[in-house]
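Student: coordinates for the following, if possible.
(one chain, ligands or ions: 2)
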Amino acid sequence: MRKFTATLIVATLSAYLLVGLGAMTAATELRPVAAGHYGVAGSVWLLVGVVAFRSWAGDHTRRVRFGSTVAFAAFPVQAALGAATALEIAALGGRAHLLGGLFVFGSLLVTLVWHLDGEVGPDGSGRAMGLEIEQNPPEDALSEGPTEPDAAATNDGPRSDAPPESGRASIRDRVGAYITLTKPRLMWLLCLLAVAGMALATITGATLEGVTVVATLAGGVLAIGAAGTFNHVYERERDRRMDRTADRPLVSDRVDPTRALAFGATLFVASMAVLWALVNPLSAALTAVAAVYYAVVYTVVLKPSTTWNTVLGGGAGALPAVIGWTAVTGSVGLPAVLLSAVVFCWTPAHFYNLAIACRADYDAAGYPMLPVERGVALARRRILYWLGATLLVAGGLGVVAGFGPLYAVASAVAGLGFVWTVAEQYRRDTDRAAYRSFHASNAYLGTLLVAVLLETVVV
Ligand code: HEM
Ligand SMILES: CC(C)=CCC/C(C)=C/CC/C(C)=C/COP(=O)(O)OP(=O)(O)O
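Tutor: Residues are numbered from 1 along each chain as shown. Ligands and ions are numbered 1, 2, ... in the order given. Predicted coordinates:
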């Protein structure tokens with residue numbers, strides 16, 4: 001990666017961290033926090049100055065020069081607004097100062113996208129710019145589907161070569177096939193999201209009861225399993241056409257579709273029973289909505305018909321945050337809605353990387369995924385913009401929930417790692433690079449949710 005790109009990424013995420021520290025400065029009288037904010041502000045201004053200078057000194061597009069100069073010029077204005085806030089001169093100083101900080105972060109993020117797009121040129125090949133872009137190794141080009149660096153990054157469970165569902169398949173293989181239908185690889189992050197929602201609820205003064213935590217997770221796992229099973233049943237013909245999903249239980253006849261439907265329905269009823277009896281009706285109802293949202297609205301309606309399938313379908317995976325909160329409080333609260341919004345924005349930044357790596361697969365299956373219909377360059381641009389939205393909403397959650405430096409630093413550092421892997425894709429147009437961003441998306445969200453736990457129930 002070029003030094004200019006690396007410096008611009010660090011400047012962008014430092015500006016993001018600066019906003020978080022600024023919000024804490026406003027919320028505390030602690031002098032060291034305020035001193036830290038001023039010190040970081042000076043350092044970030046210096047860094048942005050280096051970027052702006054090098055954009056003019058080097059061979060960069062006018063957009064990159066414009067964006068970096070605007071970000072640099074915004075700092076003195078920010079300093080004046082900050083002083084007005086500290087001296088309580090202007091009534092709206094604080095809000096204007098916060099918006100100014102977000103403007104600096106946003107202008108640097110847009111400048112980064114313009115820079116990366118400029119590097120690869122209009123057709124994304126980099127040839128117009130004399131850039132050597134690494135492509136998939138020839139042997140991968142011959143393979144059917146994407147090359148995942150480590151064990152297949154699938155949301156499937158144990159894979160097996162067991163013969164079709166018959167007396168000959170061992171009990172172990174059959175159990176493994178049914179476990180695969182529940183999409184176990186997804187569970188850890190969705191459960192962590194629900195736990196973060198429960199922990200977040202303690203900022204209202206509510207307490208975490210063991211039974212509530214266990215029952216909410218049990219009900220959620222059963223519901224995810226039910227929704228995942230219905231997804232397998234409905235998609236089995238298209239799964240047959242994708243290398244990534246061609247050996248799934250319903251494609252390889254290891255499970256009979258009717259039995260799978262009965263299995264999914266049983267999981268769903270069990271989920272509702274557990275949540276209604278041991279948690280509360282609202283959590284049960286929201287879980288049912290999430291399951292139907294994924295199994296029907298996303299799987300049947302959105303996924304096969306629009307390039308907006310991932311964005312509009314993201315609500316399903318965002319709901320566990322609210323479900324966790326309602327399990328503890330019995331009602332919906334703003335922090336839970338904000339945590340849910342973080343995941344809603346994160347979902348396209350998460351999935352588009354996989355859609356890039358598997359675009360040939362999705363094209364063969366006839367799914368209108370964004371990289372298939374609109375190209376990889378646009379999909380990468382959208383990943384960065386949705387990631388920017390995720391960071392902004394995560395910052396808003398930090399302010400509303402009153403989180404400290406740990407949360408701000410976790411979001412900024414994990415966000416930097418995620419942005420870095422996406423920027424690498426512009427120089428390495430390979431499945432391996434796209435999968436690395438996909439895993440970085442899970443690492444970002446996992447880190448943020450652990451930070452929420454540490455800020456609420458540990459610190
Ligand atoms: C519409 C929403 C979403 C879409 C389209 C989507 C897409 C996918 C796909 C296709 C896979 C399977 C990869 C494979 O089988 O090769 C996957 C894996 C995964 N997804 Fe998502 N996802 C969505 C939302 C979520 C949400 C909300 C979470 C968690 C909060 C999540 C966490 C994960 C995890 C942990 C994996 C497993 C990654 C691995 O195998 O290492 N996803 N996602
Ligand atoms: C509480 C509750 C029930 C919440 C629902 C959460 C949930 C299961 C969200 C869906 C996330 C996901 C992996 C979608 C991918 O489906 P896909 O069909 O695009 O993946 P595939 O191509 O691998 O089948």
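
Student: so where does H60 fall, helix or strand?
Tutor: Taking DSSP states H and E as the definition, one finds H60 inside no helix or strand.

Student: for the spatially most central residue of the chain, what are its contacts?
Tutor: Nearest to the mean C-alpha position of the chain, by C-alpha atoms, centre = their mean, lies W346 at 2.9 Å. By C-beta atoms under 8 Å, 6 or more residues apart in numbering, the contact set of W346 is G314, W386, L387, T390, S441, Y444, L445. Heads up, the C-betas are built off the backbone N, CA and C, glycines and all.

Student: okay, now the second one: neighbour count?
Tutor: What it means is W386. W386: 23 surrounding residues under other C-beta atoms under 10 Å.

Student: likewise for the third one?
Tutor: Number of residues near L387 (other C-beta under 10 Å) recorded here: 24.

Student: for Y352, see how far away it is.
Tutor: 10 Å (C-beta to C-beta, to the nearest Å).

Student: wait, does the helix or strand hosting the residue nearest to the centre of the chain contact ligand 1?
Tutor: Here W346, judged by DSSP H and E, is contained in helix 334-357. Yes - judged by C-beta under 6 Å from any ligand atom, helix 334-357 comes into contact with ligand 1 at V343, T347, H350, F351, L354.

Student: what's the neighbour count on the residue lying closest to the last one once chain neighbours are set aside?
Tutor: The shortest distance from L354 to any non-neighbouring residue, by C-beta to C-beta, 6 or more residues apart in numbering, is to F438 (4.8 Å). By the other C-beta under 10 Å criterion, the neighbourhood of F438 contains 23 residues.

Student: can I assume F438 sits in a helix?
Tutor: Yes - counting by DSSP: H, G, I helix; E, B strand; the rest coil, F438 is located in a helix.

Student: kindly state the pLDDT recorded for A90?
Tutor: Per-residue pLDDT puts A90 at 62.

Student: dump the residue contacts of whatever residue of the chain ends up closest to ligand 1.
Tutor: Minimum separation of the chain from ligand 1 (C-beta to the nearest ligand atom) falls at G317, amounting to 2.1 Å. By C-beta under 8 Å, 6+ apart, G317 lies in contact with L190, L193, Y294, V343, T347.

Student: wait, L278 touches V213, no?
Tutor: No - using C-beta atoms under 8 Å, L278 is not in contact with V213, being 10.6 Å away.

Student: how about the residues of the chain by ligand 1?
Tutor: So far as C-beta under 6 Å from any ligand atom goes, the chain lies against ligand 1 at 153-156, 185-186, 189-190, 193, 244, 298, 310, 313-314, 317, 343, 347, 350-351, 354, 442, 445.

Student: looking at the residues you listed, which are in helices?
Tutor: Counting by DSSP state H, the residues of the chain next to ligand 1 place 185-186, 189-190, 193, 310, 313-314, 317, 343, 347, 350-351, 354, 442, 445 in helices.

Student: which members of these additionally contact ligand 2?
Tutor: Checking these against ligand 2 by C-beta under 6 Å from any ligand atom, the ones in range are L186, L190, G317.

Student: could you count how many residues lie near the first one?
Tutor: Read it as L186. There are 18 residues near L186, going by other C-beta under 10 Å.

Student: need the pLDDT of it.
Tutor: Here the pLDDT value assigned to L186 is 90.

Student: pretty sure it contacts I224?
Tutor: Yes - using C-beta under 8 Å, L186 is in contact with I224, at 6.6 Å.

Student: show me what contacts the residue nearest to L354?
Tutor: F438 is in contact with A153, H350, F351, N353, L354, A357, counting by C-beta under 8 Å, 6+ apart.

Student: now pLDDT and neighbour count too, for the residues you listed, in CSV please.
Tutor: Shown next, in CSV, are these (pLDDT from 0 to 100; neighbours: other C-beta atoms under 10 Å):
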residue, pLDDT, neighbour count
A153, 46, 17
H350, 97, 27
F351, 97, 23
N353, 97, 27
L354, 96, 25
A357, 95, 28
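
Student: ok now the helix or strand where V104 lies, how far from the chain's centre?
Tutor: For V104, the element it lies in under DSSP H and E is helix 93-120. In terms of C-alpha atoms, centre = their mean, to the nearest Å, the centre of helix 93-120 is set 20 Å apart from its chain centre.

Student: can you pull out the strands in the stretch 1-150 of the chain?
Tutor: 134-135 (DSSP state E, counting those that start in this stretch).

Student: just the helices from it, written as ranges.
Tutor: Using DSSP state H, counting those that start in this stretch, the helices of the stretch 1-150 of the chain run over 3-27, 31-57, 62-86, 93-120, 138-142.

Student: so for G375, which of those sits nearest?
Tutor: helix 93-120 (11.5 Å; C-beta to C-beta).

Student: tell me the mean pLDDT for the closest one?
Tutor: For helix 93-120, mean pLDDT is 88.

Student: which is the succeeding secondary structure element to the longest helix belonging to the chain?
Tutor: If each helix of the chain is counted by residues according to DSSP H, the longest one is helix 210-239. Next in sequence after helix 210-239, counting helices and strands by DSSP H and E, comes helix 257-278.
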